[in-house]
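Colleague: starting from these lines, generate the structure:
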Amino acid sequence: MTQYFEANPTTPSDRRVIPYRMNGINFEFSTDSSVFSRKEVDFGTNLLIDTMVKDIKSRGPKAERFLDLGCGVGIVGVVMKSCFMAFDVTGVDVNTRAVALARENAADNGVNCKFISSDILSGVKDEHFDIIATNPPVRAGKKTVFDFYEQSFEALNPGGYIYVVLQRKQGAPSTMDKLTELFGNCETLSIDGGYRVMRSRKE
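Modeller: Numbers count the residues shown, from 1 in each chain. As a prediction, this is how the structure comes out:
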């Protein structure tokens, strides 16, 4: 069976629509076989979105460039654009089936986001962002996950933030160490259900 982190899924299509609600807004997302969390918005992604919305509101949102890294079907990017309409939202994923769905989901939920097929940040290598958010593909291996962080550091503008959600058993402690090594700081903003949302700031 094709994994969600492979570029060109060959698994037969089996589409469905999943509902979601965040920040008082109702969403519907189309999913399919061989994409991440196809049956529902997974717990970690929900915690990541909820934590980011609260944190960004506390700072005072402004027009910022937001990157949904490993966007899957575009849930994080679409929700963040809906919550913060001044954001310029881009999403990238290696999975071409997921990216096609992300584009559909942006249109179906009435927001303007850009979703690109990309091996990590290769497809946006000349672009820079103020916020990067990721629920990294732990099944793809530690090297890939750490490549996510290293490329994010290079792509962030000074003063920019990266948000990462992971379970402790998936490697949250080693992620904290890696983010601290790269950024010089890493805070845990929330912990729930074995997941933690971490944030680092590029000084």
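Colleague: mind listing the strands the longest strand belonging to the chain pairs with, and their directions?
Modeller: In the chain, assigned by DSSP state E, the strand with the most residues is strand 156-167. Strand 156-167 pairs in its sheet with strand 129-134 (parallel), strand 195-201 (antiparallel), by DSSP bridges.
Colleague: which of those strands sits closest to Phe43?
Modeller: Of all the strands paired with strand 156-167, strand 195-201 sits nearest to Phe43, with 6.4 Å by CB to CB. (C-beta placed from N, C-alpha, C; glycine too.)
Colleague: which positions in that closest one come out as buried?
Modeller: 195-200 (16 or more other CB atoms under 10 Å).
Colleague: rewinding a little: what's the longest strand of the chain in contact with?
Modeller: The contact list for strand 156-167 (CB atoms under 8 Å, 6 or more residues apart in numbering) reads 44-45, 47-48, 51-52, 55, 65, 128-136, 138, 149, 152-153, 172, 175, 179, 183, 189, 194-203.
Colleague: coming back round to it: can you redo the buried residues of strand 195-201 as a markdown table with pLDDT?
Modeller: As requested, the buried residues of strand 195-201 are exported to a markdown table (pLDDT from 0 to 100):
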| residue | pLDDT |
| --- | --- |
| Tyr195 | 96 |
| Arg196 | 97 |
| Val197 | 98 |
| Met198 | 98 |
| Arg199 | 98 |
| Ser200 | 98 |
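Colleague: okay, now Gln151: neighbour count?
Modeller: Per other CB atoms under 10 Å, the neighbour tally for Gln151 reads 18.
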